[in-house]
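Trainee: all I have is the shape, not the residue letters:
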Ligand code: LLP
């Protein structure tokens with residue numbers, strides 16, 4: 001990555017741009033995306049998975065737009081040769097505005113509206129991932145009306161308990177996504193799609209087990225169970241499933257306890273697993289697809305905040321904690337409050353010789369849970385006006401941003417070769433008031 005500490009005053013440079021310049025030109029808080037870092041990682045995932053499955057029927061890599069999406073990012077992903085996964089009409093609109101080729105898009109969603117399905121079919125999205133039995137007939141009806149054959153995948157719930165936060169695990173039984181394997185609904189869903197072959201083309205099967213996962217064991221179990229279904233479909237329905245999408249979920253390093261594998265190691269590991277399972281079931285290895293979001297977007301970005309109030313809070317005895325308030329908070333990063341995420345931070349505007357102090361970085365919202373970084377060290381002389389950066393905020397921070405307390409959303413900029421390129425402009429008070437028509 002092109003992030004370096006500048007000699008002299010020690011200010012951080014990202015993509016060849018000094019953080020002070022970013023603060024002056026675009027203000028704070030700002031999300032700073034290192035364009036080359038994002039794109040290199042996108043290409044690396046593409047190459048790793050395409051390479052690992054090249055001896056078989058190949059693979060496709062879809063960037064999961066939900067992790068962070070704007071037209072600028074969609075254009076990068078397009079140019080770098082990935083597909084993209086969108087999960088709402090809004091994400092689809094961004095992709096289309098960016099000129100993303102619809103045939104390289106996949107539309108997800110457990111509760112797609114009629115309008116979303118129609119739009120996807122009208123523009124010719126490459127695959128619609130069906131999430132329930134009733135949705136099969138819903139999509140088929142629209143396809144018939146429009147006179148098209150809808151390319152569909154079926155999202156299968158494999159019953160895998162992924163080792164991640166409860167809110168982002170998605171393949172155990174008692175949650176809203178997918179068509180259950182255990183209840184026999186999965187085979188029935190294949191039967192129904194094949195029976196509606198005038199309106200539906202069965203592209204393949206899909207499984208996504210969760211997010212921020214480090215252990216390939218979950219993918220192993222999921223792959224085995226879905227491939228068993230592929231074999232069952234062959235044996236009982238005489239149909240060959242040509243595509244298998246194993247979703248995303250690859251973890252990133254928020255702290256030193258997180259140890260992500262390289263994309264190459266992940267791809268090789270999953271290829272070995274899939275090949276072995278296919279061999280045991282006497283199946284041809286289907287064409288694979290993967291949908292990494294966090295692992296591409298997350299590490300590329302840091303959030304730059306300006307420090308405001310610093311409060312020294314006594315905790316009893318000799319213990320105390322510096323509460324360092326910044327000019328954003330849970331409206332631009334709710335992950336700490338929502339998932340107990342563990343971010344770090346650094347003084348990015350200068351170097352300091354002061355002793356390290358235990359700090360908690362908090363926002364400006366009216367809520368004591370408005371914590372961005374729970375526990376970290378910063379130089380004890382951190383003060384109002386300092387710039388503080390929180391790394392690895394590229395995924396699920398801006399995309400989960402809100403206007404809580406009528407705080408405008410931050411700016412998002414890309415930096416590259418010493419230049420600042422705006423991606424999403426800062427929201428203004430006028431933007432907020434424009435919606436209020438009372
Ligand atoms: N594919 C599907 C079908 C998904 O549902 C997701 C994420 C992905 C791919 C991408 O997963 P990733 O590679 O980014 O882990 N807001 C939560 C994460 C929610 C993930 C939702 N689905 C968070 O901030 O941790």
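Mentor: Right, received. Where do you want to start? Being a predicted model, the structure only gives us computed values, none of them experimental. Numbering: from 1, shown residues only.

Trainee: right, and residue 91 touches residue 66 too?
Mentor: Yes. When contacts are counted by Cβ atoms under 8 Å, residue 91 is listed as touching residue 66 (6.8 Å). No exception for glycine: its C-beta is placed from N, CA and C like everyone else's.

Trainee: my read: residue 387 touches residue 302, true?
Mentor: No. Under the criterion of Cβ under 8 Å, residue 387 is not in contact with residue 302, lying 10.8 Å apart.

Trainee: tell me which of the two has more neighbours.
Mentor: residue 302 (25 against 21; other Cβ atoms under 10 Å).

Trainee: which helix or strand lies directly C-terminal to the helix or strand harbouring that one?
Mentor: Applying DSSP states H and E as the criterion places residue 302 in strand 301-316. Toward the C-terminus, strand 301-316 is succeeded by strand 319-326 as the next helix or strand (DSSP H and E).

Trainee: what's that following strand packed up against?
Mentor: Other elements packing on strand 319-326 under the criterion 3 or more Cβ pairs under 8 Å, 6 or more residues apart in numbering; DSSP states H and E are strand 301-316, strand 356-362, strand 371-379.

Trainee: can you add distance to the ligand and mean pLDDT and give these back as a markdown table?
Mentor: Shown next, in a markdown table, are the helices and strands packed on strand 319-326 (distance: least, Cβ to the nearest ligand atom, whole Å; pLDDT from 0 to 100):
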| stretch | distance to the ligand | mean pLDDT |
| --- | --- | --- |
| strand 301-316 | 13 | 96 |
| strand 356-362 | 18 | 97 |
| strand 371-379 | 14 | 97 |
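
Trainee: can I get those strands in a markdown table including distance to residue 294?
Mentor: Shown next, in a markdown table, are those (distance: least, Cβ to Cβ, whole Å):
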| stretch | distance to residue 294 |
| --- | --- |
| strand 301-316 | 11 |
| strand 356-362 | 21 |
| strand 371-379 | 18 |
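
Trainee: out of those, flag the one nearest residue 419.
Mentor: strand 301-316 (16.5 Å; Cβ to Cβ).

Trainee: buried residues of that closest one, list them for me.
Mentor: 301-308, 310 (16 or more other Cβ atoms under 10 Å).

Trainee: now swap in stretch 357-374 and tell me
Mentor: Quick answer for stretch 357-374 (16+ other Cβ under 10 Å): 357, 359-365, 370-373.

Trainee: check these and tell me the two furthest apart.
Mentor: 357 and 365 (23.2 Å).

Trainee: quick revisit: I'd like to know which of the buried residues of strand 301-316 is nearest to residue 210.
Mentor: Looking across the buried residues of strand 301-316 and measuring by Cβ to Cβ, the closest to residue 210 is residue 301, at 21.9 Å.

Trainee: in the sheet, who's paired with the closest one?
Mentor: residue 33 (DSSP bridges).

Trainee: how does this protein divide into domains?
Mentor: 4-34+299-434, 55-292 (automatic domain parsing).

Trainee: would you turn those into JSON lines with distance to residue 49?
Mentor: Shown next, in JSON lines, are those (distance: least, Cβ to Cβ, whole Å):
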{"stretch": "domain 4-34+299-434", "distance to residue 49": "18"}
{"stretch": "domain 55-292", "distance to residue 49": "4"}
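
Trainee: for residue 44, which of those is the nearest?
Mentor: domain 55-292 (5.1 Å).

Trainee: can you map out the strands along the stretch 1-150 of the chain?
Mentor: 4-5, 12-14, 17-18, 30-34, 59-64, 83-86, 105-107, 127-130, 150-157 (DSSP state E, counting those that start in this stretch).

Trainee: indicate which one of those strands is closest to residue 230.
Mentor: strand 150-157 (10.1 Å).

Trainee: in its sheet, what does the closest one sit against?
Mentor: By DSSP bridges, strand 150-157 pairs with strand 127-130 (parallel), strand 179-180 (parallel), strand 200-206 (parallel).

Trainee: what's the most buried one of the ones you listed?
Mentor: Ranked by mean neighbour count, the strands paired with strand 150-157 are led by strand 127-130 with a mean of 28 (mean count of other Cβ atoms under 10 Å).

Trainee: touching the ligand at all, it?
Mentor: No. Strand 127-130 lies out of reach of the ligand by Cβ under 6 Å from any ligand atom, never closer than 7.1 Å.

Trainee: residues contacting that strand, please?
Mentor: Applying Cβ atoms under 8 Å, 6 or more residues apart in numbering, the contact partners of strand 127-130 are 105-109, 112, 117, 120-121, 136, 139, 150-155, 179, 189, 193, 203, 206, 245.

Trainee: what do you get if the cut-off is 7 Å, keeping everything else the same?
Mentor: 106-108, 120, 136, 139, 150-155, 203, 206 (Cβ atoms under 7 Å, 6 or more residues apart in numbering).

Trainee: cool, stretch 161-175 as well?
Mentor: 157-160, 177, 180, 182, 207-213, 215, 218, 222, 338-339.

Trainee: which of those are buried, as a PyMOL select command?
Mentor: In PyMOL, this line selects whichever of the contacts of stretch 161-175 come out buried by 16+ other Cβ under 10 Å:
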select buried, resi 157+158+159+160+177+180+207+208+209+210+211+212+213+218+222+339
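
Trainee: from the contacts of stretch 161-175, pick out the ones that also neighbour the ligand.
Mentor: Near the ligand, by the rule Cβ under 6 Å from any ligand atom, you find 208, 211-212, 339 out of these.

Trainee: the spatially most central residue of the chain and the ligand: what is the separation?
Mentor: Per Cα atoms, centre = their mean, the C-alpha nearest to the average position across the chain is that of residue 67, at 2.8 Å. Taking Cβ to the nearest ligand atom, to the nearest Å as the measure, residue 67 and the ligand are separated by 5 Å.

Trainee: identify the residue nearest that residue in space, chain neighbours excluded?
Mentor: residue 293 (3.1 Å; Cβ to Cβ, 6 or more residues apart in numbering).

Trainee: what about the one you found, distance to the ligand?
Mentor: From residue 293 to the ligand the distance is 3 Å (Cβ to the nearest ligand atom).
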